[in-house]
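Engineer: Sequence below, structure please.
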Amino acid sequence: MRAHRRSRTQGYTLVEVMMAMAILAVGATGIMSLQTAATRGNQEANEMGTATRISEWWLDRLRLDALNWRLGGPGVLPSPAMFANTLYLNGMPAVGGTGWFIPTAPGALLAGNALGFNGNPASGAGITHFCTQAQLTWVYPGTAMRSDVRVFWRRRQWTSAAGAEACPVAPDRLDFHMVSASTILRYTPQ
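Structural biologist: Residues are numbered from 1 along each chain as shown. Next up is the predicted model:
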């Protein structure tokens, strides 16, 4: 009778082995899906950080451009002559705002308006990942204007093949992630 009891305790049954394998498979599946989610979250955070740096870069360029704003101040009517020496502010109308426009970096400067995955300028053959647009609006005509910059990139589920490498004029928030930043540009007497 003792020999019979000893043989029952010396191994695992097929049912026990199958249950252990099922528990191991469920755990491994959970770990793999967690790894996939963490990788996706890390990539989206990287894209958000790159887009934020690009928007800050463009705001800095617009602030620098505002230093060339030669005429202005309280009581001065806005005119094109105010911005004759500027690269980006020269399209500012006398009243209202510019609407969204695509700023272009002159020459071979970095951080143009169409950028690759790492925020570097996209070559003619490269795929554009980040797109940049700016908007200028008078706050106090002749004295101060608001500058808005938005940087956007495609969401993963975006499936349109038409214009996949081009920056759209009016991006839809359903198809694109977007980062926006604003600042006030003021006339500074020389």
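Engineer: So what's the residue count around Ile54?
Structural biologist: Around Ile54 there are 23 other residues, counting by other C-beta atoms under 10 Å. To be clear about C-beta, it is placed using only N, CA and C from the backbone, and glycine gets the same treatment.
Engineer: actually Asp148, not the one I typed
Structural biologist: Around Asp148 there are 19 residues (other C-beta under 10 Å).
Engineer: Need phi/psi at it.
Structural biologist: phi -110, psi 140 (degrees, to the nearest 10).
Engineer: Number the chain from 94, please
Structural biologist: Fine by me, first position is 94 from now on; the one you just mentioned is Asp241.
Engineer: For it, which non-adjacent residue is closest in space?
Structural biologist: Closest residue in space to Asp241, ignoring its immediate chain neighbours: Gln228 at 4.4 Å, by C-beta to C-beta, 6 or more residues apart in numbering.
Engineer: what ranges of the protein fall below the confidence cut-off?
Structural biologist: The chain contains residues with pLDDT under 70 at 94-102, 199-221, 250-259.
Engineer: Asp153: helix or strand, and which one exactly?
Structural biologist: helix 107-159 (DSSP states H and E).
Engineer: ok, back up a step: check whether the residue nearest to Asp241 really touches Gly190, as I assumed.
Structural biologist: Yes. Using C-beta atoms under 8 Å as the test, Gln228 is close enough to Gly190 to be in contact (6.3 Å).
Engineer: any idea which element the closest residue in space to Met185 that isn't next to it in sequence lies in?
Structural biologist: Leaving aside its sequence neighbours, Met185 sits nearest to Leu229 (C-beta to C-beta, 6+ apart; 5.3 Å). Per DSSP H and E, Leu229 falls inside strand 223-233.
Engineer: report the angle between the axes of that strand and helix 107-159?
Structural biologist: Taking axes from the mean of the first three to the mean of the last three C-alpha atoms, to 10 degrees, one finds strand 223-233 and helix 107-159 inclined to each other by 40 degrees.
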